[in-house]
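*Asks:* Build me a model from this:
(2 chains)
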2 protein chains.
Amino acid sequence: MGDSVTRIMVAVNESSMKGYPHPSISSKGAFEWTIQKIIRNNVSAFNLLFLHVQVPDEDGFDDMDSIYASPEDFKNLNQRDRIRGIHLLEYFVNRCHEIGVVCQAWIMQGDPKEVICHEVQRLRPDFLVVGSRGLGPFQKVFVGTVSEFCWKHAECPVITIKRKPDETPQDPVDD
Amino acid sequence: MGDSVTRIMVAVNESSMKGYPHPSISSKGAFEWTIQKIIRNNVSAFNLLFLHVQVPDEDGFDDMDSIYASPEDFKNLNQRDRIRGIHLLEYFVNRCHEIGVVCQAWIMQGDPKEVICHEVQRLRPDFLVVGSRGLGPFQKVFVGTVSEFCWKHAECPVITIKRKPDETPQDPVDD
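*Replies:* Here you go, the predicted structure:
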């Protein structure tokens, strides 16, 4: 039934409420869904590829109360972002280790939807899993952009996993 | 890792070129992809639910050279459609039997996208697989309607499997 493993790319991001290193509700949900419904106990047949895309701020600052005065400060900022990203990815890598699924994880910077599609093109996973807050058009205009863009443009099948209703926070734009 | 099996609904239709009982290229591709990439050799962990939706013609006729003059003729027409549908489903059921995957298959009439979403609501599969011709907006205005509608409206995760480029017929609207 095919000799090689099935390679699943999972796009993950941090919680908008708790911040790093906590994963967003929808990333965690998409990951757990993939384990429970697809991989199940057939752990040696799958590899997971975790991609975390960090969005650079327009002005290079991401803390309102921080001052960056020299190029060295910006280097430290990037270093700090990188470390935060690694701690986020550790959550998923540790879970895979517990379960016994081989995985890889890496961080990129840029527009998440563009970077995800680019990484799909580069790494050719069998499919892509994207979590989604599952908001309708009346809650926020911009939501669903990443999953819809990937569904239309990624060069592999895409499965979008919406949050469960009972996991939706008070403000559904949070995640 | 979850006690119950993963239930996958697969929407299938007939070939537009070869007609019944031949499955469309995209239905066949979506099914084979599911076997190879998801189910693999873990056959006892999955059930497949094959749904075939038949579109009734507006005027009740589906052959240009047929004349139906009485209610009995229409009944025979429906009967004939049903038999054709069963022969289409046999292809998938037989493949599952060969592989050892438990499956169910059934026929409904109506607008495919509406019926598929309704059946998802009724049967609550873990996810839905839909084949797609993978045409862009410039090839035909109406294509991709079923998969896009299901992606937006079905109450379960949806995975769309596009045909491989080398399986695209001369007229890409054919399937």
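*Asks:* those helices in chain A, which residues are they?
*Replies:* A:25-33, A:71-99, A:112-123, A:145-153 (DSSP state H).
*Asks:* Contacts only, for the residue nearest to residue A:134 when sequence neighbours are not counted.
*Replies:* Using C-beta to C-beta, 6 or more residues apart in numbering or on different chains and skipping the chain neighbours, the partner closest in space to residue A:134 is residue A:162 (3.3 Å). The C-beta positions use only the backbone N, C-alpha and C, and glycine is treated the same way. Neighbouring residues of residue A:162 by C-beta atoms under 8 Å, 6 or more residues apart in numbering or on different chains: A:26, A:29, A:131-134, B:157.
*Asks:* Quick check: bridge partners of residue A:162?
*Replies:* Note on residue A:162: beta-bridge partners by DSSP bridges are residue A:132.
*Asks:* That one and residue B:14, how far apart?
*Replies:* 32 Å (C-beta to C-beta, to the nearest Å).
*Asks:* Equivalent analysis for residue A:148, please.
*Replies:* Taking C-beta to C-beta, one finds residue A:148 at 30 Å from residue B:14.
*Asks:* burial measure for residue A:51, as a count.
*Replies:* Here the count is done by other C-beta atoms under 10 Å in any protein chain shown, and residue A:51 has 23 residues near it.
*Asks:* out of residue A:148 and residue B:14, which sits in the more crowded spot?
*Replies:* More crowded of residue A:148 and residue B:14, by other C-beta under 10 Å: residue B:14, with 21 against 18.
*Asks:* Skip the chain neighbours and tell me the closest residue to that one.
*Replies:* residue B:20 is the one closest to residue B:14 (C-beta to C-beta, 6+ apart), at 4.9 Å.
*Asks:* How confident was the prediction at that neighbour?
*Replies:* With respect to pLDDT, residue B:20 has a value of 95.
*Asks:* List the contacts of stretch A:76-96.
*Replies:* Outside stretch A:76-96, the residues touching it (C-beta under 8 Å, 6+ apart) are A:10, A:12-14, A:20-23, A:28, A:31, A:35, A:48, A:50, A:52, A:54, A:60, A:62, A:66, A:68, A:102-103, A:105-107, A:109.
*Asks:* Report the buried members of the residues you listed.
*Replies:* With burial judged by 16 or more other C-beta atoms under 10 Å in any protein chain shown, the buried subset of the contacts of stretch A:76-96 is A:10, A:12-14, A:20-23, A:28, A:31, A:35, A:48, A:50, A:52, A:54, A:68, A:103, A:105, A:107.
*Asks:* From residue A:7, how far off is the residue nearest to residue A:134?
*Replies:* Residue A:162 is 23 Å from residue A:7, by C-beta to C-beta.
*Asks:* if we can go back for a sec, inside strands: which ones of the contacts of stretch A:76-96?
*Replies:* Using DSSP state E, the subset of the contacts of stretch A:76-96 located in strands is A:10, A:12, A:48, A:50, A:52, A:54, A:102-103, A:105-107, A:109.
*Asks:* now, which of those residues sits nearest residue B:41?
*Replies:* residue A:102 (17.2 Å; C-beta to C-beta).
*Asks:* Can you tell me who that closest one pairs with across the strands?
*Replies:* For residue A:102, the beta-bridge partners are residue A:47 (DSSP bridges).
*Asks:* Do I have it right that it meets residue A:49?
*Replies:* No: using C-beta atoms under 8 Å, residue A:102 is not in contact with residue A:49, being 10.0 Å away.
*Asks:* pLDDT check: weakest of the ones in strands among the contacts of stretch A:76-96?
*Replies:* Lowest pLDDT among the ones in strands among the contacts of stretch A:76-96: residue A:109, 90.
*Asks:* That residue and chain B, how far apart?
*Replies:* 28 Å (C-beta to the nearest C-beta, to the nearest Å).
*Asks:* Name the nearest residue to that residue, sequence neighbours excluded.
*Replies:* Leaving out its chain neighbours, the residue that sits closest to residue A:109 by C-beta to C-beta, 6+ apart is residue A:54, at 5.0 Å.
*Asks:* Could you pull up the residues touching the one you found?
*Replies:* Contacts of residue A:54 (C-beta under 8 Å, 6+ apart): A:81, A:85, A:107-109.
*Asks:* Of those, just say which sits nearest to residue B:121.
*Replies:* residue A:108 (37.8 Å).
*Asks:* For chain A, give me the ranges with low pLDDT.
*Replies:* Counting by pLDDT under 70, the ranges of chain A that qualify are A:1-3, A:57-71, A:73-74, A:77, A:135-144.
*Asks:* who in chain A is up against chain B?
*Replies:* For chain A, the contact set with chain B under C-beta under 8 Å from any C-beta of the partner chain comprises A:1-2, A:6, A:33, A:35-42, A:45, A:126-127, A:151, A:157-162.
*Asks:* let's see 6 Å
*Replies:* A:1-2, A:6, A:36-38, A:40-42, A:45, A:126, A:157, A:159, A:161 (C-beta under 6 Å from any C-beta of the partner chain).
*Asks:* Among the residues you listed, which one has the most neighbours?
*Replies:* Result: residue A:38 is most packed of the residues of chain A next to chain B (other C-beta under 10 Å), 26 neighbours.
*Asks:* still on that earlier bit, any chance of JSON lines for the residues of chain A next to chain B, columns distance to residue A:168?
*Replies:* JSON lines is the format used below for these (distance: C-beta to C-beta, whole Å):
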{"residue": "A:1", "distance to residue A:168": "38"}
{"residue": "A:2", "distance to residue A:168": "37"}
{"residue": "A:6", "distance to residue A:168": "30"}
{"residue": "A:36", "distance to residue A:168": "20"}
{"residue": "A:37", "distance to residue A:168": "20"}
{"residue": "A:38", "distance to residue A:168": "23"}
{"residue": "A:40", "distance to residue A:168": "26"}
{"residue": "A:41", "distance to residue A:168": "30"}
{"residue": "A:42", "distance to residue A:168": "31"}
{"residue": "A:45", "distance to residue A:168": "33"}
{"residue": "A:126", "distance to residue A:168": "30"}
{"residue": "A:157", "distance to residue A:168": "26"}
{"residue": "A:159", "distance to residue A:168": "20"}
{"residue": "A:161", "distance to residue A:168": "14"}
